[in-house]
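> Build me a structure from this.
(2 chains)
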Amino acid sequence: MPEPIIELRNISKAFPGVQALSDVSFDVFPGEVHALVGENGAGKSTLIKIIAGVYQPDAGTIHFDHQPVQIMNPRHAREMGIAAIYQESSLYNELSVAENIFMGRHPRSSRLGTVDWEAMYREAEAVLNRLGIQMDVRAKVGGLSTANRQRVEMAKALSQQAKVLIMDEPTASLTQHDVEALFSAVRFLREHGVGIIYISHRLEEVFKLADRVTVLRDGHLVDTRPVKEATQSQLVSMMVGRTLDTLFPKEETVVGPPILRVRNLRRRGLVNDVSFEVRRGEIVGLAGLVGAGRSELAQVLFGIYPAESGTIEIEGKPVVIREPRQALAMGLAYVPEDRQRQGLILPMTVRDNISLAILETLTRLGFVSDRDEDRIAQAYVERLQIRTPSLQQLAMNLSGGNQQKIVVSKWLASKPRILILDEPTRGIDVGAKAEIHRLMSQLAQQGLGIVMISSELPEILGMSDRILVMRKNTIVGEYLRGQVTQEQIIAAAMGLDQQIMHGANTLERH
Amino acid sequence: MNATNAFAPTGTRRSLLAPLQSQEATLAIFLALLVTGLAVATPAFLEAQNLRDVLVNASFPAIAAIGMTMVIVSAEIDISIGSILAVVAVLTGNLALTGMPIPLVFLIGLLAGTLLGALNGALVAYARIPSIIVTLGALSFWRGLVIYLTQGAWIYNMPEAFHFAQRSWLGVPIPVWMMIVLIALAGLFMRYSPLGRQFYAVGGNRQAAMLAGIPIKRRVFLVFTLNGFFAAIAALIYASRFSVVQSNAGLGFEFQVITAVVVGGTSIMGGTGTIWGSFLGALLLAVIGTGMTFLKVSPYWLQTVQGSLILLAVVLDVVRRRQVLVR
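Next up is the predicted model:
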């Protein structure tokens, strides 16, 4: 039995407000593909970033090649022989394939120490050939397809004599044909003794490619086992084992007639043929994996990226939304996912942020009425219990939860009929979270139609009257409250066979 | 450090006290000390005629600084206003020589400046070219055109009515009245009008402003257009103040105005700043300029002093932002 090339023992890592990893152990053998799976936020990214030297663990040890090591930074990791291919490319678009492969290690001519271009091209071709890839090594990387860019990244890893290669969702944007080519390259590296850490949301790839699989959940290690001894349904059960212990005070409401009806909405690359409706007093949960197109759907509806085709009806009347202004005028409100980047004007006061979307209605004789503005802002500060020393406090000085309440206030002030909330409770403390949930219930009771995008399945299951699941930019499942399990949602989000999942449910109950 | 912005687009009862803690207040105190110091060193500084000169010297940069404040608050920049000023000054001077009625001459001058500002705005907002590039091009283009068309010749012998800037009302020069009225109106506009508020939002966080239904492109276009308009008013004062208009009119004027705005507490990153602060900034530059003459310091040092001030103000702004981030 060979020794692991890299071994992590009892790794813990915390970020402000969240324990990203607790006591996780993980190892990779040379010539092994070790798959890492888990829901959004399970801790996969944190784990690979620790291996790649991006983060330092708070506790635990790392052994590389039998030696205890501290991986100081990404460069240190590279020098040790740890290469990573992230979803975002780390290539230089303006440079050639060969230059990218040998970035920082260009072959030099012996006499002058200048870059030996001919040698570089020759060696680059040799490396690519070993991976079974034909490519013009003089071409600029910027002009390559996604699949070819990944091949360049793999060639780079190979040429660095990487002993460990991390691949983060490498197939996310590949066609089936390219996936096959990628797999053969991965297998080639495996045969040459590289230990590969493979992260994917596609379980079928795990079964095709991996030797072992590790499941993470909420920062904890659930299990590591040989792929041969695992089934898809087992893996899914292990991924979602969270319980609905958090309090979700969704109150019963009388669901009225449809307030928003969307038919065959399309915008290339963002939303593909989406149809759904939202009723008065209803909370519709939008579930799916990161990148499934949920935020994109909200942004198309709100006119940030206007739809190319399809129809939107609000209270039975067809509407055209080309820009956010029109969406606002139609009674739509969108609380974006990233409140600091998209929601708040940080250098503005609490009051000015709350009134931003309704300035026109507060204007008397060309000037914004101070009194009305104060009154409205004060009302929302009280209603949402925004903790701020005064209305004149700058938004940048408040905590995340209070900032989120300001963003929500801004949109409520616009008196919307339909409210779209994108990850409304991400990164805020438990108290503020409960308050936001209570508010959502109240608003539904008042007859608003609410769309809630969330990556937290318990939140989706607890708050939604109806759940829509998105995958690959379209809606792939619709479930009523209480008639669906976390496993079924995950399965739909991952595109797994429902038959298999039936097995998972029974397994869970045993 | 939030107090620095407290006088900004907030406008409530608290703003009566807020200036005491703001950069504007610091500036006002510094200005008062400087004037006192100059008065002690050279009592002639306080003579009415000299104070009038200082204020007239401050008037046209202060008026141009109104537009520039709007531009910088919106997180844009316009370095072409010196050339816009030259175009308007030369154009109106020449039109006045043709015997055209003076009010019409001024109207055409205002329109021309507004148009040049709008052109900048269109290129920035709709063609999406960075404002520093657009206005760098405009700076050079209009300056070159003015020099070519005038062949460097001076314009003089304009009719008496053209020289409104040399007249006074109640002992106060007309340009100073214009400055006071425009600063007051623009200050109210920026604090209390929906448009003014939207400029702050556009500069503070463009994406959030867009999501709040603010038409970003139209607002960016508007601030450049307004900037051209205020530069044109400054140009009219400039052109009518002396008996001649030179073709190198307004050389370096953009720098003087941007310095006034930044020294007045407007963040070069956009989102914060006040008209009142920019007014104090323009006043400070005028006092320093005149003061240096009184103290017989070579005028060549003026640019160095301006440069130091702008660097100091930007460094303070950056330090302030960093403190906020650290918290």
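> Next, the contact list for residue A:311, please.
Applying C-beta atoms under 8 Å, 6 or more residues apart in numbering or on different chains, we find residue A:311 in contact with A:262, A:263, A:264, A:265, A:318. In this view, the C-beta of every residue, glycine as well, is placed from N, C-alpha and C.
> tally of neighbours for the second one?
Burial measure for residue A:263: 15 neighbouring residues, criterion other C-beta atoms under 10 Å in any protein chain shown.
> what kind of secondary structure is the most far-flung residue of chain A relative to its centre in?
Going by C-alpha atoms, centre = their mean, the residue of chain A most distant from its centre is residue A:111, 50.1 Å out. Taking DSSP: H, G, I helix; E, B strand; the rest coil as the rule, one finds residue A:111 in the coil state.
> Give me the phi and psi for it.
phi -80, psi -50 (degrees, to the nearest 10).
> Give me the distance between it and chain B.
44 Å (C-beta to the nearest C-beta, to the nearest Å).
> List only those of the contacts of residue A:311 flagged as buried.
A:262, A:265 (16 or more other C-beta atoms under 10 Å in any protein chain shown).
> Please flag which of the contacts of residue A:311 sit within strands.
Filtering those for membership in strands, criterion DSSP state E, returns A:262, A:263, A:264, A:265, A:318.
> how about JSON lines for the residues you listed, with distance to residue B:222 and pLDDT added?
Output for those, formatted as JSON lines (distance: C-beta to C-beta, whole Å; pLDDT from 0 to 100):
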{"residue": "A:262", "distance to residue B:222": "34", "pLDDT": "94"}
{"residue": "A:263", "distance to residue B:222": "37", "pLDDT": "94"}
{"residue": "A:264", "distance to residue B:222": "38", "pLDDT": "94"}
{"residue": "A:265", "distance to residue B:222": "33", "pLDDT": "94"}
{"residue": "A:318", "distance to residue B:222": "32", "pLDDT": "93"}
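> Out of those, which comes closest to residue A:73?
Nearest to residue A:73 among these, counting by C-beta to C-beta, is residue A:265 at 44.7 Å.
> Can you list the buried residues in the helix or strand bottoming out on mean pLDDT in chain B?
Lowest by mean pLDDT, DSSP states H and E among the helices and strands of chain B is helix B:301-326, with a mean of 77. Neighbour counts over helix B:301-326 (16+ other C-beta under 10 Å) mark B:302, B:306, B:309, B:310, B:313, B:316, B:317, B:320, B:324 as buried.
> and the third one, how far is that from residue B:33?
Read that as residue B:309. For residue B:309, the distance to residue B:33 (C-beta to C-beta, to the nearest Å) stands at 15 Å.
> same check, this time on the second one
Distance of residue B:306 to residue B:33, given as C-beta to C-beta: 19 Å.
> Repeat that for residue A:15.
Distance from residue A:15 to residue B:33, by C-beta to C-beta: 48 Å.
> Kindly report the same for residue B:88.
Relative to residue B:33, and taking C-beta to C-beta, residue B:88 is found at 36 Å.
> ok, now residue A:350?
In terms of C-beta to C-beta, residue A:350 sits 35 Å off from residue B:33.
> So between the two, which is more surrounded?
residue A:350 (29 against 10).
> For residue A:447, which non-adjacent residue is spatially closest?
Leaving aside its sequence neighbours, residue A:447 sits nearest to residue A:280 (C-beta to C-beta, 6 or more residues apart in numbering or on different chains; 4.8 Å).
> mind listing what the one you found touches?
Contacts here follow C-beta under 8 Å, 6+ apart; on that basis residue A:280 touches A:255, A:256, A:257, A:258, A:259, A:447, A:448, A:449.
> ok, those residues vs residue A:131, which is closest?
For those, the nearest to residue A:131 is residue A:449 (52.1 Å; C-beta to C-beta).
> Grab the most central residue of the chain for me.
All of this is about chain A. By C-alpha atoms, centre = their mean, chain A has its centre lying nearest to residue A:290, at 3.4 Å.
> I was thinking of chain B, sorry if that wasn't clear
Nearest to chain B centroid, counting by C-alpha atoms, centre = their mean: residue B:65, 1.6 Å.
> Point out the other helices and strands that the helix or strand hosting it packs with.
Secondary structure assignment for residue B:65, by DSSP states H and E: helix B:48-73. Applying 3 or more C-beta pairs under 8 Å, 6 or more residues apart in numbering or on different chains; DSSP states H and E, one finds that helix B:48-73 contacts helix B:81-97, strand B:172-173, helix B:174-192, helix B:194-204, helix B:216-241, helix B:253-263, helix B:275-294.
> which bits of the stretch 51-200 of chain B sit near chain A?
Within reach of chain A by C-beta under 8 Å from any C-beta of the partner chain, the stretch 51-200 of chain B has these residues: B:188, B:192, B:193, B:194, B:197, B:198, B:200.
> I'm done for today, thanks for sticking with me.
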